[in-house]
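1. Quick check, what structure comes out for this input:
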Amino acid sequence: MRDLEEAWPATAERLFEIQEKLAAAEPEAWHPGDRIRSAAGCFVCFRRGLAGKGAAGDRAWAAAALWVEGHVTACEVVRGTAAAPYSPGFLALREGPLLEAAVRRLPALPEVLLVDATGRDHPRRAGLALHLGACLDIPTVGVTERPLVAEGSSPAQRRGSTAPLWIGDEVVGHWLRTKTSARPLAVHAAWRTDPDAALSVVAALTGRWRTAEPLRHARRAARAARAEDHG
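-> Numbering: from 1, shown residues only. Presented below is the predicted three-dimensional model:
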């Protein structure tokens, strides 16, 4: 859906309009099927010691990791600066261009992309995970530590337990306990994925660690690049 007038606009007002269009779009639904052959994760981190929640111009490290047939085959890092301060519901202004640049540096686009951001769990039902998928034209799933707007009861303590996340009477994602007694993750429906498809993807890509493998490797690469640059 790259026909948006501006993929990553410069103002909150314009982003608001794009988010409303994305929320109303009806792209073909995607489901993982019996096997996921390729996936990727992307993550961005910022310099340590930011005042408040960050400002435009903050140094940033965005990474994308490609996972193919059970192994990470490529990892790319993009260094840059945040285009905007952090504002709930407008994360795309701050991180969108950096994450897209990192994913596009991979040798191939994956079947599905995991993003450290929300999707339908958003005031306008179009968080950064959904927006990025539309720009790249690939299915996406959001994975975060907590919901943005949605609410739902915590799942049971055993690994694999789930509980729906609701906005009103709409399920927009799920809590997923990826490790027994560890904090659950919020898994978000995003571009071309519904809550059940998103849940299946994250469950299939999570091994011994709490975080799904492609996203875990992307996070590690971004933080390693930051540490390297700071000596």
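2. okay, CA-based contacts and neighbour counts for the rest of this
-> Will do.
3. Show me which residues of the lengthiest helix in the chain are buried.
-> For the chain, the helix that runs over the most residues, judged by DSSP state H, is helix 213-229. For helix 213-229, burial by neighbour count (16 or more other C-alpha atoms under 10 Å) applies to 213, 214, 215, 216, 217, 218, 219, 221, 222, 223, 225, 226.
4. so who does the third one touch?
-> Each residue near residue 215 by C-alpha atoms under 8 Å, 6 or more residues apart in numbering is listed here: 40, 41, 42, 43, 64, 65, 114, 115, 116.
5. how about 6 Å then?
-> Contacts here follow C-alpha atoms under 6 Å, 6 or more residues apart in numbering; on that basis residue 215 touches 41, 42.
6. That one and residue 66, how far apart?
-> The spacing between residue 215 and residue 66, counted by C-alpha to C-alpha, to the nearest Å, is 9 Å.
7. The fifth one too?
-> Separation of residue 217 from residue 66 (C-alpha to C-alpha) stands at 9 Å.
8. How about the first one?
-> As for residue 213, its distance to residue 66 is 10 Å (criterion: C-alpha to C-alpha).
9. now do the second one
-> Separation of residue 214 from residue 66 (C-alpha to C-alpha) stands at 6 Å.
10. Check residue 150 too.
-> Note on residue 150: its distance to residue 66, by C-alpha to C-alpha, is 29 Å.
11. Mind checking which of those two has more residues around it?
-> Taking other C-alpha atoms under 10 Å, residue 150 and residue 66 do not tie; residue 66 has more neighbours (27 against 22).
12. mind checking pLDDT for that one?
-> Note for residue 66: predicted pLDDT of 98.
13. what's the helix or strand for it?
-> Taking DSSP states H and E as the definition, residue 66 sits inside strand 59-68.
14. ok, that strand: who's next to it in the sheet?
-> Looking at strand 59-68 with DSSP bridges, its partner strands are strand 38-46 (antiparallel), strand 71-81 (antiparallel).
15. any idea which of the ones you listed is most buried?
-> Among those, ranked by average contacts under mean count of other C-alpha atoms under 10 Å, first place goes to strand 38-46 (a mean of 25).
16. Check the offset of the longest helix of the chain from the chain's centre.
-> On the basis of C-alpha atoms, centre = their mean, to the nearest Å, helix 213-229 sits 15 Å off its chain's mean C-alpha point.
17. Check the average confidence over it, would you?
-> On average, helix 213-229 scores 97.
18. ok, which stretches of this protein are helices?
-> Taking DSSP H as the test, the helices found in the chain are 12-24, 91-104, 128-136, 195-204, 213-229.
19. just the angle between the fourth one and helix 213-229, please?
-> Which is helix 195-204. Put simply, helix 195-204 runs at 60 degrees to helix 213-229, going by axes from the mean of the first three to the mean of the last three C-alpha atoms, to 10 degrees.
20. Same question for the second one.
-> Taking the same axes, to 10 degrees, helix 91-104 and helix 213-229 form an angle of 90 degrees between their directions.
21. Adjust the sequence numbering to begin at 53 for everything that follows.
-> OK, 53 is where the count begins now, so the last one is helix 143-156.
22. contact partners of helix 143-156?
-> Contacts with helix 143-156, where a contact means C-alpha under 6 Å, 6+ apart, come from 114, 115, 116, 129, 130, 134, 135, 136, 180.
23. Kindly reformat the residues you listed as a markdown table containing distance to residue 190.
-> A markdown table is the format used below for the contacts of helix 143-156 (distance: C-alpha to C-alpha, whole Å):
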| residue | distance to residue 190 |
| --- | --- |
| 114 | 19 |
| 115 | 17 |
| 116 | 14 |
| 129 | 20 |
| 130 | 20 |
| 134 | 24 |
| 135 | 24 |
| 136 | 25 |
| 180 | 13 |
